[in-house]
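Asks: Take a look and give me a structure for this.
(chains A and B)
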Amino acid sequence: MTTEVTNKTEETIKNSNFIKDIIDEDLKSGKHNQVVTRFPPEPNGYLHVGHAKSICLNFGLAKSYNGRCHLRFDDTNPTKEEQEYIDSIKADVQWLGFSWGDHEYYASNYFEQLYDWAILLIKAGKAYVDDQTADQIKETRGTLTKPGTNSPWRNRSIEENLDLFQRMRNGEFQNGEKVLRAKIDMASPNINMRDPVMYRILHAHHPRTGDKWCIYPTYDYTHGQSDAIENITHSICTLEFQDHRPLYDWFVENLPVPAVPHQYEFARLNLTYTVMSKRKLLRLVKENHVNGWDDPRMPTISGMRRRGYPASAIRDFCERIGVAKANSTVDFQLLENCVRDELNRNALRFMAVTRPLKIVITNYPEGKVEWIEAENNPEDPSAGTRKVPFTREIFIEQEDFMENPPKKYFRLFPGNEVRLKHCYYITANEAIKNPDGSIKEVHCTLDPESRSGSTPDGRRIKGTLHWVSATEGKKAEIRLYDHLFLLANPDKVEEGKDFLENINPESLEVLTDAVVEPDLVKVAPGTATQFLRMGYFVADLSHTPEKPVFNRTVGLKDGWAKVQRNQ
RNA sequence: UGGGGUGUAGCCAAGUGGUAAGGCACCUGCCUUUGGAGCAGGCAUCCGUAGGUUCGAAUCCUCCCACCCCAGCCA
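Replies: Next up, the predicted model:
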């Protein structure tokens, strides 16, 4: 990849958005003199492209305002979090091209401080230990239209609350036996303000703090204070937390925190033909509808990486979709366009025949091998050239030959002349059939004057086909990926059914008869390439020169399909 | 029926009182040794609806409509 070309995309006009407007105002008014953001994943799953949007936003803002962005794990629920996820999240953020420097934090680092602050709230009469069961708390919370009612334990003495909270920490109670609640307003129209739970008892092993704690703070009690401790200026989250902002502010206002951070919300990313919730992605993995979190059909960062999507393309995508507050679903084609855009400029070209049809060039000597020079990337002359072997027997794509072609088909058919890319012109003379009537091979003749793709008479040739020597080419496995779901909106299902109903049974097609030019099998796993006329393909993680495997990243735009459609 | 949000083209999205950016998709041409790429052009008399204010409104006001989120000891 050349840096020069890559930078060109990165510098495309940046969209303005309401968060930048807020930051501009804050900087102008002197409210802040630097920008500090944070990306706060919960380590309970792998990151997906929706997280990429948040990562690009937070790290991107920090970068363009010369501030910094923290990576903070929101690890307050040990029953769902694992070290494996922490590791994968760090790898994915780095792969996306962002760096948090020394600023790697964990909400669990603040457990002791959070505990001390909880005691302050108790002493101020603003928090209490509640003995009600989860069900009782649920019942007394009220509904959307009816106010809740006070817990019978709401007015315990400060001393008793202090003692009970200490004993909760000491492990004297079972899970669920008691919780610490903020004393706010059980009649608030905002349900989040109806005495929200601050601590629950969870006798569980934490990936970071081990068995030190058996009480864990909730998200609401943790997030704002963590932001304050880290001096976060702009705490950016998704829309569903809008209702939590008053609570976020309440804790910050009622605690002696070192700074006053503010929360801003934007709409999460939705993409057509895929699902984005961690719960659903987890199901796809656990129920084996895909082969793991990094299956190339997954919208995870690791899946896209394995699929061959360049990090720069994902960044470009996140820039192009913008940041706003309206719920929206972005067309998957925009993502694919970003991927093609990047790959077109940087991917090395090769020839590979996915579904081979043998061509015998009857006027070419048996056993002869000519080495034809081929450019590696027409978009980038500095990518150089390579030599491709040409022989009497070659393979072309099955779909590139038809005995009875429709109008405007200018590939190979009896009597027609086409150009072999980088090579000779050939004319089809005869289709040799198998006993069952299928085509076994096609006999052709070449024009010796046409070597290198043109002739002295300058005659125009409309069709150019890619090809691979039948004797010098290498066998390879090619995996063609398609959308994991049949519908643009996978959640659109009949009553009682779920998104799995819409899984595309043909989202993966494995071709084992593919033949590729010799140089191609030598590439390293992860190398992005273009198979001429077929699309962009990446050497899979499992790829070796002895057992080549390529994943289709995305196809090329198909102009012929459009011609047929409009016919 | 309580509270919080959002409605600009098929899909995203700028726009912050002066007469609708940009991208994707789509459509036309041109060009082409990838039916790719590239180049040129087209694509909202109108901004959810109805009123009002104003010389002037997508932008301000009012009503209405639609959609999303909230009743985890998840985040």
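Asks: how about A:Pro41, what does it touch?
Replies: Applying C-beta atoms under 8 Å, 6 or more residues apart in numbering, one finds that A:Pro41 lies in contact with A:47, A:51, A:73-74, A:89. C-betas here are computed from N, CA, C, even on glycine.
Asks: now do A:Ile19
Replies: By C-beta under 8 Å, 6+ apart, the neighbours of A:Ile19 are A:57, A:61, A:234, A:236, A:264, A:266, A:323.
Asks: wait, is the fourth one part of a strand?
Replies: Yes - secondary structure of A:Ile236, determined by DSSP: H, G, I helix; E, B strand; the rest coil: located in a strand.
Asks: now A:Lys265: how far from A:Pro414?
Replies: Quick fix: residue A:265 reads Glu, not Lys. For A:Glu265, the distance to A:Pro414 (C-beta to C-beta, to the nearest Å) stands at 64 Å.
Asks: A:Trp371 now?
Replies: On the measure of C-beta to C-beta, A:Trp371 and A:Pro414 end up 30 Å apart.
Asks: out of these two, which sits in the busier spot?
Replies: A:Pro414 (16 against 11; other C-beta atoms under 10 Å).
Asks: In chain A, what residue comes closest to RNA strand B?
Replies: A:Gly453 (1.7 Å; C-beta to the nearest atom of the strand).
Asks: ok, that residue - how many residues close by?
Replies: So A:Gly453, with other C-beta under 10 Å, has 15 neighbours.
Asks: residues contacting it?
Replies: A:Gly453 neighbours (C-beta under 8 Å, 6+ apart): A:419, A:421-423.
Asks: try A:Pro256
Replies: Counting by C-beta under 8 Å, 6+ apart, A:Pro256 has contacts A:117, A:120.
Asks: now do A:Arg349
Replies: Contacts of A:Arg349 (C-beta under 8 Å, 6+ apart): A:374-378, A:529-532.
Asks: Assign it to helix, strand or coil.
Replies: A:Arg349 ends up strand, using three-state DSSP.
Asks: Who does it form a beta bridge with?
Replies: When bridges are called by DSSP bridges, A:Arg349 pairs up with A:Gln530.
Asks: just to revisit the earlier point, out of the contacts of A:Pro41, who's the most crowded?
Replies: A:Leu47 (26 neighbours).
Asks: Just to check, that one is in contact with A:Asp92?
Replies: Yes - look at A:Leu47 against A:Asp92 with C-beta atoms under 8 Å: they come within range, at 4.6 Å.
Asks: what residues do these two have in common as contacts?
Replies: A:301-302.
Asks: So, low pLDDT: which residues of chain A?
Replies: Low-confidence segments of chain A, defined by pLDDT under 70: A:1-13.
Asks: That one - how does it break down into domains?
Replies: With domains defined by automatic domain parsing, chain A comprises A:34-271, A:352-466.
Asks: Let me know which of the ones you listed is tucked in deepest.
Replies: domain A:34-271 (a mean of 18; mean count of other C-beta atoms under 10 Å).
Asks: Any idea how far apart the tips of that domain sit?
Replies: Criterion C-alpha to C-alpha, to the nearest Å; first-to-last residue distance in domain A:34-271 is 33 Å.
Asks: tell me how far it is from the chain's mean position?
Replies: Relative to its parent chain, domain A:34-271 has a centroid offset of 26 Å by C-alpha atoms, centre = their mean, to the nearest Å.
Asks: any residue of that domain up close to RNA strand B?
Replies: Yes - residues of domain A:34-271 are located near RNA strand B by C-beta under 7 Å from any atom of the strand, namely A:40, A:42, A:74, A:76-77, A:80, A:132-134, A:137-138, A:141-145, A:175-176, A:179, A:189-192, A:196-197, A:200-202, A:216, A:218-220, A:239-244, A:267.
Asks: got it, and stretch A:529-545?
Replies: Yes - judged by C-beta under 7 Å from any atom of the strand, stretch A:529-545 comes into contact with RNA strand B at A:530, A:532-533.
Asks: Quick check: residues of the stretch 351-500 of chain A near RNA strand B?
Replies: A:377-379, A:408-411, A:419, A:421-422, A:452-454, A:463-464.
Asks: hmm, try it at 6 Å
Replies: Listed as neighbours of RNA strand B in the stretch 351-500 of chain A under the rule C-beta under 6 Å from any atom of the strand: A:378-379, A:408-411, A:419, A:421-422, A:452-454, A:464.
Asks: Can you tell me what sits against the helix or strand encompassing A:Ile314?
Replies: Taking DSSP states H and E as the criterion, A:Ile314 maps to helix A:311-321. Residues from elsewhere that reach helix A:311-321, judged by C-beta under 8 Å, 6+ apart: A:6, A:9-10, A:12, A:14-15, A:49, A:52-53, A:55-57, A:60, A:95-97, A:269, A:301, A:304-305, A:330, A:334-335, A:338-339, A:341-343.
Asks: Just these: which are in strands?
Replies: Counted as lying in strands by DSSP state E, out of these, is not a single one.
Asks: just checking, what packs against the helix or strand where A:Asn429 lies?
Replies: Using DSSP H and E, A:Asn429 falls within strand A:425-433. With contacts defined as 3 or more C-beta pairs under 8 Å, 6 or more residues apart in numbering; DSSP states H and E, strand A:425-433 has these neighbours: strand A:417-420, strand A:439-447.
Asks: strands paired with that strand, and their directions?
Replies: By DSSP bridges, strand A:425-433 pairs with strand A:417-420 (antiparallel), strand A:439-447 (antiparallel).
Asks: Need those in JSON lines (columns: distance to A:Ile432).
Replies: Listed next are the strands paired with strand A:425-433 as JSON lines, based on distance: least, C-beta to C-beta, whole Å:
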{"stretch": "strand A:417-420", "distance to A:Ile432": "18"}
{"stretch": "strand A:439-447", "distance to A:Ile432": "5"}
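Asks: Looking at the ones you listed, which is nearest to A:Phe350?
Replies: Smallest distance to A:Phe350 across the strands paired with strand A:425-433 (C-beta to C-beta): 14.7 Å, for strand A:417-420.
Asks: would you put the C-alpha positions of stretch A:166-177 in PDB?
Replies: Output in PDB follows, covering the C-alpha atoms of stretch A:166-177 (Å, rounded to 0.1, in the frame of the first residue of the first chain):
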ATOM      1  CA  GLN A 166     -19.800  -2.500  55.000                       C
ATOM      2  CA  ARG A 167     -21.200  -6.000  55.600                       C
ATOM      3  CA  MET A 168     -22.300  -6.300  52.000                       C
ATOM      4  CA  ARG A 169     -18.700  -5.700  51.000                       C
ATOM      5  CA  ASN A 170     -17.600  -8.100  53.700                       C
ATOM      6  CA  GLY A 171     -19.500 -10.900  52.000                       C
ATOM      7  CA  GLU A 172     -22.000 -11.400  54.800                       C
ATOM      8  CA  PHE A 173     -25.000 -11.700  52.300                       C
ATOM      9  CA  GLN A 174     -26.000 -13.800  49.400                       C
ATOM     10  CA  ASN A 175     -26.400 -12.600  45.900                       C
ATOM     11  CA  GLY A 176     -29.600 -10.500  45.600                       C
ATOM     12  CA  GLU A 177     -30.100 -10.200  49.300                       C
END
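Asks: contact partners of that stretch?
Replies: Against stretch A:166-177 from outside (C-beta under 8 Å, 6+ apart): A:115, A:129, A:131, A:133-134, A:178, A:180, A:199-203, A:213-215.
Asks: Alright, calling it a day.
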